[in-house]
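Colleague: Okay, predicted coordinates and the sequence, questions at the end:
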Amino acid sequence: MPGPLDPCRMLSVGAVAFTRRALAGRTLDGLPGRRHRGPAATSEALMVAKRFPYVCAGILCLALAFDFNASVAAAQSGAEPVTIGLGYALMSNGDWYTGDYRYVPMNWTYAGNLFAAAGRALGTQHFVGFAGPGTDGVAAYAITQGGDWYEFGTFHGNIPTIAGRSLGADEFVDIGYDPNFRTWFAITRAGDLFASYRCAAGWCFFGNIFAGSTPALSETWGSVKARHR
């Protein structure tokens with residue numbers, strides 16, 4: 001909300017109060033009684049009309065100030081949603097919320113921060129993915145763009161470092177979970193794939209999804225007929 005010294009707020013409040021006084025229907029001598037008529041009434045009406053743009057400007061300033069302060073608050077919180085499920089939500093800054101799914105709409109409660117719960121500072125890292133059931137003895141993990149691997153309350157290490165790889169300028173974009181094999185997968189923007197499948201270290205490099213691709217062969221209809229004659 002606008003601060004106490006916000007000039008837009010001061011302008012709008014003053015303009016509205018000033019217009020209210022002008023519309024109060026005062027007599028020429030300032031005492032209650034018969035309203036203005038004739039030239040005096042016309043003059044006052046013109047004055048009110050002239051003040052109207054100032055009222056509009058004040059209202060506009062209020063709207064702009066509110067929008068600006070709301071944008072700043074959102075930017076400072078860093079609360080960009082990363083994942084959502086039935087009863088939980090994770091934000092990019094690590095804030096964790098739980099919801100009571102017995103009610104519609106759900107009642108959401110702040111439940112802590114993944115970075116703080118693991119005893120680590122936010123720094124330049126932010127969460128980009130979350131996967132895993134988090135029930136029946138199977139964990140749920142979240143990763144940052146730099147590959148830092150978290151469980152709520154625990155920092156498990158850095159995925160590329162565990163896998164013996166250098167991330168360089170690349171960054172992670174998502175993590176997934178396969179319930180059939182109880183395996184987690186994480187992928188970078190450049191296509192490097194990491195997985196926990198049959199990996200004693202925890203994470204292993206599973207290749208690059210683009211490097212092993214084979215381009216499709218382009219043929220004309222004439223060459224296909226010639227080959228099969």
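Modeller: All right, it came through fine.

Colleague: Strands along this protein, start to end?
Modeller: 81-85, 88-91, 95-100, 107-113, 127-131, 141-144, 148-151, 154-158, 172-178, 183-188, 192-195, 204-208 (DSSP state E).

Colleague: partners of the second one in the sheet?
Modeller: So that's strand 88-91. Applying DSSP bridges to the sheet, strand 88-91 is found paired with strand 81-85 (antiparallel), strand 95-100 (antiparallel).

Colleague: Which stretch among the ones you listed approaches Tyr141 most closely?
Modeller: In terms of C-beta to C-beta, the element of the strands paired with strand 88-91 nearest to Tyr141 is strand 81-85, at 11.2 Å. (Each C-beta comes from the backbone N, C-alpha and C, glycine too.)

Colleague: deepest of the strands of the chain, which one?
Modeller: Sort these by mean neighbour count, taking mean count of other C-beta atoms under 10 Å, and strand 141-144 sits at the top with a mean of 24.

Colleague: picking up where we left off before, would you turn the strands paired with strand 88-91 into JSON lines with mean pLDDT and distance to Ala111?
Modeller: Shown next, in JSON lines, are the strands paired with strand 88-91 (pLDDT from 0 to 100; distance: least, C-beta to C-beta, whole Å):
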{"stretch": "strand 81-85", "mean pLDDT": "91", "distance to Ala111": "13"}
{"stretch": "strand 95-100", "mean pLDDT": "94", "distance to Ala111": "5"}
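
Colleague: In TSV: those, plus distance to Phe206.
Modeller: What follows is the strands paired with strand 88-91, written out as TSV (distance: least, C-beta to C-beta, whole Å):
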stretch	distance to Phe206
strand 81-85	22
strand 95-100	29
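
Colleague: Nearest approach to Phe115 belongs to which of these?
Modeller: The nearest among the strands paired with strand 88-91, by C-beta to C-beta, is strand 95-100 at 9.3 Å.

Colleague: Would you quantify the distance from Ala117 to Thr183?
Modeller: Look at Ala117 and Thr183: by C-beta to C-beta, to the nearest Å, they are 25 Å apart.

Colleague: Show me the chain divided up by domain.
Modeller: Split into domains by automatic domain parsing, the chain comes to 7-77, 81-208.

Colleague: If you average pLDDT over each of those domains, which is lowest?
Modeller: The stretch with the lowest average pLDDT out of these is domain 7-77, scoring a mean of 51.

Colleague: Excluding sequence neighbours, find me the nearest residue to Ile209.
Modeller: Gly191 (4.5 Å; C-beta to C-beta, 6 or more residues apart in numbering).

Colleague: you'd agree that neighbour is up against Phe206?
Modeller: No - using C-beta atoms under 8 Å, Gly191 is not in contact with Phe206; the gap is 10.9 Å.

Colleague: Now do the helices in this protein.
Modeller: Remark: helices assigned in the chain by DSSP state H are 7-22, 39-77, 114-117, 159-162, 221-227.
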